[in-house]
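Student: Pasting the sequence and the predicted coordinates here, then a few questions.
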Amino acid sequence: MSNTLVTGLRERVPTLTSVPLPRAVDNKVLNKTWPAEPFAEPPAGSGLKPVLGDFGAPFVGHSLEYMRYGLDFGLRRYERYGPVSWSGMLGERMVTLVGPDAAQQVLANGDKAFSQEGWHFFIDRFFHRGLMLLDFDEHKFHRRIMQQAFTRPRMAGYADHVAAAVRAGMSDWPTGQRLRMYWQLKRLTLDIAARVFMDAPPGGQTERLNRAFVDTVRGSTAVVRYPVPFGRWSAGLRGRRLLERYFTESLPAKRASDGSDLFTALCHATTEDSERFDDADVVNHMIFLMMAAHDTSTITSTAALYYLGKHPEWQERVRQESLALGDDLPDLAALESLHSLDLVIKESLRLMAPVPSLPRKAVKDVDILGHYVPAGSFVGLSPMVTHFLPEYWSHPMRFDPERFAEHRREDKSHRFAWVPFGGGAHKCIGMQFGMIEVKALLHEMLRTYRWKLPEKYQTRWDYVALPMPVDGLPVQLHTISGNAT
């Protein structure tokens, strides 16, 4: 089967949890309740409450409801059980936490009660020893070295490469026909990551690497977590092996290079104490960073494109800012000057958190908002639901970028009200790069195209892995006269 055909099938064949069902069936599944049970009995005399919840269906628990209904499922659980509950997910019992207070306890992690081992169950086989999976002193050591690849001068160089890659990548996008914009953007962000992170041109080897990254991400939430033929788990393991071979074989040349790409930067990154990464560290970090860089940017730019298509008044407002920059490729300072676009991106991150759940593992018995959670428990903080709590966000279902403007700053209602990038010691190290990439993508789209979505159109998101629109977000682009490149 040709690579083009395989790619086309992936883009068009829905996952089982996204297959259309009659609304009555969806409502019945979503509204089904299971008897509440305590997660664990609190120690006598502790004064703590048990965490209430339910496992759901045998073996799979509530995995399928989460994958299909996402936010709706999370809000239903919150309404029934409150900010601390538990449910069955992929055969495991997981405590779910909602709200800024819980987020502060987990992300600040002042008593070191939570480890990143919560991620291991989902992604360690595919993103082994990526920065996000490391803990405490070891994480601090690796982050200190990696920070050398994300300095201000480095970011300025990355921004130049991103802007050039975006303009080149969009130059042949067809107009006058419906494009599945999620997949258009995904291919482009993968090409950008390959260019900026590896100094690799599009096509050929890059296409193989791109498919491997897609397979590893989707493998992380496979319900059948064994290497059965044609399964997502097997495909993810194959993808990991391909990526390891590529980066390992490329290491000697990158060690000897003085290039400006991230791969070279990690090979040479050194702290003032002469600490640096060994070869295995560089390979593991590159595989993780490539995944993190393109997936979150794809999701955020897709969400922003969707909301700008639904709200043409905002599309025109941010377009005027972009047109005011002229036709030159934007540098870092120019991208940072796009203030209205910054508001749109932040609101898109609130409405569609690219990482809906942040898993942790309790390394000791812990009191979470007065509830007893024993050592060894899987814990998942939910930015997805936290971003919709009306106590912190006015009209939370409404697209309202002005909520992030200086005269309102609803994100400052609590230090951890807005957590799309996590927080604390594990706050996303590539947060600034991600914002630059999304701004560059949207800036180029705004100065080149117009688009509009039908008033009654509502995209539905698939949560089988990271969020993606079930239909790929079909959009028809129209070239702006005089600004096509």
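Tutor: Great, that's in hand. Because the structure is predicted, anything quoted here is derived from the model rather than measured.
Student: how about the helices of the stretch 301-450 of the chain, start to end?
Tutor: Along the stretch 301-450 of the chain, the segments classed as helices by DSSP state H, counting those that start in this stretch run 312-324, 332-336, 339-351, 383-386, 431-448.
Student: do the same with the stretch 1-150 of the chain
Tutor: If DSSP H, counting those that start in this stretch is used as the criterion, the helices of the stretch 1-150 of the chain fall at 3-12, 23-31, 63-69, 71-81, 100-108, 117-123, 136-146.
Student: can you give me how far the fifth one is from the chain middle?
Tutor: Same thing as helix 100-108. With CA atoms, centre = their mean, to the nearest Å as the basis, helix 100-108 stands 19 Å off its chain's centre.
Student: What's the mean pLDDT across it?
Tutor: Helix 100-108 carries an average pLDDT of 98.
Student: which residues are in contact with that helix?
Tutor: Identification of contacts with helix 100-108 by CB atoms under 8 Å, 6 or more residues apart in numbering yields 83-84, 97, 114, 358, 360, 368-369, 379, 381, 383, 386, 389, 392, 413-417, 419, 422-424, 426-427. Quick note: C-beta positions are derived from backbone N, CA and C, even for glycine.
Student: Take these and keep only those in strands.
Tutor: 84, 97, 114, 358, 360, 368, 379, 381 (DSSP state E).
Student: circling back: mind putting the helices of the stretch 1-150 of the chain in TSV, distance to residue 440 and mean neighbour count included?
Tutor: Formatted as TSV, the helices of the stretch 1-150 of the chain follow (distance: least, CB to CB, whole Å; neighbours: other CB atoms under 10 Å):
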stretch	distance to residue 440	mean neighbour count
helix 3-12	24	12
helix 23-31	38	11
helix 63-69	31	22
helix 71-81	28	17
helix 100-108	28	20
helix 117-123	27	19
helix 136-146	22	15
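Student: Go through those and name the closest to residue 227.
Tutor: With CB to CB, the closest approach to residue 227 among the helices of the stretch 1-150 of the chain belongs to helix 117-123: 16.0 Å.
Student: Contacts for that closest one, please.
Tutor: Counting by CB under 8 Å, 6+ apart, 90, 92, 130, 132-133, 135, 220-221, 358-361, 363, 378-380 sit against helix 117-123.
Student: Buried among those? Need that as a selection in PyMOL.
Tutor: A single PyMOL command selects the buried members of these (16 or more other CB atoms under 10 Å):
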select buried, resi 90+130+132+133+135+220+221+358+359+360+361+363+378+379+380
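Student: Would you point out the most distant pair within the contacts of helix 117-123?
Tutor: Greatest spatial distance among the contacts of helix 117-123 (CB to CB): 221 and 363, at 24.0 Å.
Student: Let me know which of the helices of the stretch 301-450 of the chain is tucked in deepest.
Tutor: A comparison of these by mean neighbour count, using mean count of other CB atoms under 10 Å, puts helix 383-386 on top with a mean of 26.
Student: Which among the helices of the stretch 301-450 of the chain is found nearest to residue 72?
Tutor: Closest to residue 72 of these, according to CB to CB: helix 383-386, at 10.2 Å.
Student: packing partners for the closest one?
Tutor: helix 71-81, helix 100-108 (3 or more CB pairs under 8 Å, 6 or more residues apart in numbering; DSSP states H and E).
Student: follow-up on the earlier one: where does confidence bottom out across the contacts of helix 117-123?
Tutor: residue 221 (80).
Student: Please determine how far residue 329 is located from residue 25.
Tutor: Separation of residue 329 from residue 25 (CB to CB, to the nearest Å) stands at 50 Å.
Student: which residues does residue 364 contact?
Tutor: Residues near residue 364 by CB under 8 Å, 6+ apart: 113, 375.
Student: go with 10 Å
Tutor: For residue 364, the contact set (CB atoms under 10 Å, 6 or more residues apart in numbering) comprises 111, 112, 113, 114, 115, 373, 374, 375, 376.
Student: Among the ones in strands among the contacts of helix 100-108, which one sits closest to residue 178?
Tutor: Within those, distances to residue 178 taken as CB to CB reach their minimum at residue 358, with 34.7 Å.
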